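Trainee: For reference, the sequence and a predicted model appear below.
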Amino acid sequence: MNQKDLLQEIGQIRSMMEKSSKFMSISGMSGVVIGCVALVGAAAAYFTVYGTKSEFGYRDFYVLDEQVIWKLAGIALLVLLASIILGISMAKAKAKKSGQSIWNPTSKALLKAMAVPLVTGGLFSLILISKGVFGLIASSLLIFYGLSLAAASTYTFREVRVLGILEIVLGLLALAFPGYGIWFWSLGFGVLHIVYGLIVHKKYEK
């Protein structure tokens with residue numbers, strides 16, 4: 001065996017080891033679909049707050065109103081459930097196509113890495129709601145979501161880390177510019193997911 005064949009074999013072994021330690025069943029197109037769902041949810045939240053007849057950017061309703069809070073919470077819950085269902089179903093389809101299982105030690109490690117920042121962010125947001133501090137919710141969820149993606153990137157595509165960092169940046173910007181939470185949510189959970197999904201689909205799935 002010459003040096004060229006040896007290097008090629010080492011490269012193949014390294015690739016196999018990397019794939020075995022990475023969760024590669026995340027579908028790039030699921031990122032696109034989830035991003036579109038998030039944009040629809042953001043539009044629904046916008047009209048819930050601003051209404052359909054507001055002029056000069058004035059709000060028809062206020063987030064302090066109890067009915068508006070429950071509507072926004074319902075919209076967020078629907079978007080979350082739809083995103084989870086779509087993400088899991090598309091990951092299952094991709095895993096089945098490649099003859100792999102979606103539930104394995106790597107996927108378990110990925111979920112554990114994401115769980116701490118996600119659960120912390122969710123509880124932190126609930127505390128903010130209970131205290132009536134609604135202006136920090138959008139930025140907090142973006143930041144904690146970005147932290148969860150950065151933690152999970154060890155077990156999946158390297159692009160996930162970049163997505164996580166961008167989510168954190170948007171969260172900090174939302175914190176610096178209060179009152180534009182819906183717009184930052186649209187960028188973070190909508191546009192960035194679509195761009196990320198297209199990149200992953202083109203790079204790994206074609």
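Mentor: Looks like it came in fine. Numbers count the residues shown, from 1 in each chain.
Trainee: burial count for L110?
Mentor: 21 (other C-beta atoms under 10 Å). For glycine as for every other residue, the C-beta is placed from the backbone atoms N, C-alpha and C.
Trainee: Any buried residues in the helix or strand where it lies, and which?
Mentor: Per DSSP states H and E: L110 is located in helix 105-131. Within helix 105-131, the residues scored as buried using 16 or more other C-beta atoms under 10 Å are 106-107, 110, 113-114, 117-118, 121, 124-125, 128.
Trainee: Tabulate those residues (a markdown table), appending distance to A43 and pLDDT.
Mentor: Below are those laid out as a markdown table (distance: C-beta to C-beta, whole Å; pLDDT from 0 to 100):
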| residue | distance to A43 | pLDDT |
| --- | --- | --- |
| T106 | 36 | 79 |
| S107 | 32 | 78 |
| L110 | 31 | 83 |
| A113 | 32 | 88 |
| M114 | 27 | 89 |
| P117 | 27 | 93 |
| L118 | 24 | 90 |
| G121 | 23 | 91 |
| F124 | 26 | 92 |
| S125 | 21 | 87 |
| L128 | 24 | 87 |
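Trainee: Let me know the closest of those residues to K96.
Mentor: Top of the list for closeness to K96, among the buried residues of helix 105-131 and by C-beta to C-beta, is S107 at 14.1 Å.
Trainee: Quick check: the gap between the closest one and G41.
Mentor: According to C-beta to C-beta, to the nearest Å, S107 and G41 sit 26 Å apart.
Trainee: now H193
Mentor: Distance of H193 to G41, computed by C-beta to C-beta: 12 Å.
Trainee: same check, this time on Y145
Mentor: 14 Å.
Trainee: cool, R158 as well?
Mentor: Using C-beta to C-beta, we find R158 at a distance of 28 Å from G41.
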